[in-house]
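# kindly return the folded structure for what I paste below:
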Amino acid sequence: MVTPPPGGWSAGGLILYSALLLALVVVEWTAPDASSPLGRRLLWLGLEVALCFAVVRTHGTLIRPAFVYLVPACRALPMFGERRGLLLGLLIWPAYLLNVGLDVWPDRLHEYPNYLLILLVVWAAAVIPVVASLKQAAARRHVEALYDELKVAHEELAALHRRAREAAVAEERNRLAREIHDTLAHYLTVVNIQLEAAEKLASDQPSRSLDAVGRARRLTLECLKEVRRSVGALRAATIEELALPGALAKLTHEFGESTGIDVTLNLGSVDALHLAPEATQALYRTVQEALTNVQRHARASHARVTLAAPNGVVTLRVEDDGLGPKLCQDTGAGGGFGLIGLRERVALLGGRLDFGPGRDGGACLTVTLPVKDRP
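So this is what the prediction gives:
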């Protein structure tokens, strides 16, 4: 209930006072939010303070009508934020002091502290919960932002995990495909040659036919042993199981004996080089696949395997005196799964595989690996 000033209201004073209160309500109702432009918010704050000033001056007393100053002083907090809102709220009180000064100056200056204290206490009591609410809202927004960031990071991590798992599965499938091709294809090719020879010699030369069958049987046992060794290598391979010089000597000897192709092996100083198991296995499979291609496609009578390690780079060359790389590629040697698997295997070790013409007119397969000595 509005209390009239001392001496009562005149008709014009009551109309003006009611109009000012209505204007204050309308301005408060249309107050901009914190996302509005800064100029618009400052204009609203100045207009509301001016209306508060007019309300107090029209009423003629200082205490009860002065509480309208609490409206812009408290509204400044949510509109301008905690720090700027508190500063602007404090800057509103000089307008109130001017209101007081117009009535108490100069005879009742002792009443200044009372008027100001009453309003500041009420304002502080109103501001404290507003500040607490702002802090709580800011903390909630911070937690929500952290949750959103964590959610995005979790989704990215899950996607990365899926890609890594898919890449690991694909890499393991490719590795198993290379192992199967490099191991079984070589031995099955040689066994097929021996069985073809046994079939041709069965009627005319039974003893040589039996020798070919026996050799094919020994090769199947070697193939079975190689499969078991590969399966064991998938679990754990040691350098003793993959000693390269002995393995290459045995491979070239058996290949030459089974196919009739003369194979020269030159290891150079590689005997003293201690290679990592993955490099040893890659070089062995390369020789195995290269000799298989020589037998299948090159129509060669001689092959030469050279292994050297100048300046910490292992170089492997497999050459033949056959048809040459172009005719070999026409028959499928240059684009089959064998060379594709070898290129993948060598690339995983940071090396390079080249297939081109050799010095004797045939084809030459060259592999370079930047392999360091293994202590």
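
# what's near enough to touch residue 55?
Counting by CB atoms under 8 Å, 6 or more residues apart in numbering, residue 55 makes contact with 17, 20-21, 24, 65, 68. All C-beta spots, glycine's among them, are computed from the backbone N, C-alpha and C.

# can you count the residues close to the residue lying closest to residue 262 once chain neighbours are set aside?
In this structure, residue 262 finds its nearest non-sequential neighbour in residue 302, 4.7 Å apart by CB to CB, 6 or more residues apart in numbering. By other CB atoms under 10 Å, the residues close to residue 302 number 16.

# tell me the predicted confidence for the most centrally placed residue in the chain.
When CA atoms, centre = their mean is applied to the chain, the residue found nearest the centroid is residue 160 (5.4 Å). Model confidence at residue 160, given as pLDDT, is 86.

# now tell me which helix or strand of this protein has the poorest mean pLDDT.
In the chain, no helix or strand scores lower on mean pLDDT, DSSP states H and E than helix 325-330, which sits at a mean of 61.

# which helices and strands does the helix or strand just after that one pack with?
Downstream of helix 325-330, the next assigned helix or strand under DSSP states H and E is helix 337-348. Packing partners of helix 337-348 (3 or more CB pairs under 8 Å, 6 or more residues apart in numbering; DSSP states H and E): helix 112-180, helix 277-293, strand 352-357, strand 363-369.

# CA-only coordinates of helix 337-348 in CSV, if you can.
Provided in CSV are the C-alpha atoms of helix 337-348 (Å, rounded to 0.1, in the frame of the first residue of the first chain):
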residue,chain,number,x,y,z
PHE,A,337,50.0,-61.8,-54.6
GLY,A,338,53.5,-62.9,-54.0
LEU,A,339,55.3,-59.7,-54.9
ILE,A,340,52.4,-57.7,-53.4
GLY,A,341,52.9,-59.5,-50.1
LEU,A,342,56.7,-59.0,-50.3
ARG,A,343,56.3,-55.3,-50.9
GLU,A,344,54.0,-55.0,-47.9
ARG,A,345,56.4,-56.9,-45.7
VAL,A,346,59.4,-54.8,-46.8
ALA,A,347,57.5,-51.5,-46.5
LEU,A,348,56.6,-52.3,-43.0
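
# how distant is that helix from the center of its chain?
Remark: helix 337-348 is offset 27 Å from the chain centroid, using CA atoms, centre = their mean, to the nearest Å.

# still on that earlier bit, and the residue nearest to residue 262, what does it touch?
Shown in contact with residue 302 (CB under 8 Å, 6+ apart): 261-264, 320-321, 360.

# what's the PyMOL line that selects buried ones from these?
This is how PyMOL selects the buried members of those, with burial counted by 16 or more other CB atoms under 10 Å:
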select buried, resi 261+263+320+321+360
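
# quick one: which of the contacts of residue 302 is nearest to residue 284?
Closest approach between the contacts of residue 302 and residue 284, by CB to CB: residue 263, at 14.5 Å.
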